[in-house]
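S.K.: attaching a predicted model along with its sequence, questions to come.
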Amino acid sequence: MNLIKKLFGKKHPNPAIYALYRKQDPLDPKVETIIPLLPKLAEIYHEGGIYLLHKTLLEQFKEYDDQYDSNLSKEMTEEKSAQMLRKITSLMLMTFFKELSRILPDGPYPSGLTDALHYEIYGVLPSDDSFVTYLTYENPNVEDSNLAPAFKFGEDIAQIVAMPDLSFSFLAAQQVAVISDISGRLTRWVLFDEPIESA
């Protein structure tokens, strides 16, 4: 009977959520309250990602140009901006996963709901080149594993703008703390009605 329920259980247009319904019967009550909020969070992440792109990268590029007499700002294209926005969104999704892992440590919920949020943002399930690369990235040259995603982000942004300078990679990597902090605040605001401003 349980197999029949899983096969013909709750349909959902988001395949990641549908998969959760098939795996877990019933869902954790916390998850049931989070699911209907995912479309709103996807919109907030989209708007927040654009804001973060300008504040944490594009404005920093202007300062870098002034300091090192480079032309990053002038050479910026829509394609490069879109690629960088995708990297920022991957970090935001990684933060979402970590927030969920804190409150839902057991079961498939953090990964399933992060896949679901990715689907709400992009209309497809995550590929190999998504937020998962930041979650699983390891680098033996980085002593603190918590800093590994920042190192990778710095390298990714440097590659997008074709700037091999280590000081530039470090500049981009430093922005991960800001991106993660704002992403966490946005997540808790939408999901748990937590005030977005710090006390």
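M.R.: Happy to help now that I have it.

S.K.: ok, now which ones touch residue 158?
M.R.: Contact criterion C-beta atoms under 8 Å, 6 or more residues apart in numbering gives 164, 165, 168, 169, 172 as the residues in contact with residue 158. Any C-beta I mention is one placed from the backbone N, CA and C, and that applies to glycine too.

S.K.: now flag whichever of those is closest to residue 197.
M.R.: residue 172 (26.3 Å; C-beta to C-beta).

S.K.: you'd agree that closest one is up against residue 157?
M.R.: Yes. Counting by C-beta atoms under 8 Å, residue 172 touches residue 157, with 4.0 Å between them.

S.K.: overlap of the contact sets of these two?
M.R.: Counting by C-beta under 8 Å, 6+ apart, the shared contacts of residue 172 and residue 157 are residue 57.

S.K.: quick one: find the helix or strand in this structure with the lowest mean pLDDT.
M.R.: helix 2-7 (a mean of 46; mean pLDDT, DSSP states H and E).

S.K.: quick one: distance of the next helix or strand after that helix to the chain centre.
M.R.: As assigned by DSSP states H and E, the chain's next helix or strand after helix 2-7 is helix 15-23. Its chain's C-alpha centre and that of helix 15-23 lie 21 Å apart, by C-alpha atoms, centre = their mean, to the nearest Å.

S.K.: what mean pLDDT does helix 15-23 have?
M.R.: If you average the pLDDT over helix 15-23, you get 92.

S.K.: that helix packs against which elements?
M.R.: With contacts taken as 3 or more C-beta pairs under 8 Å, 6 or more residues apart in numbering; DSSP states H and E, helix 15-23 sits against helix 109-122.
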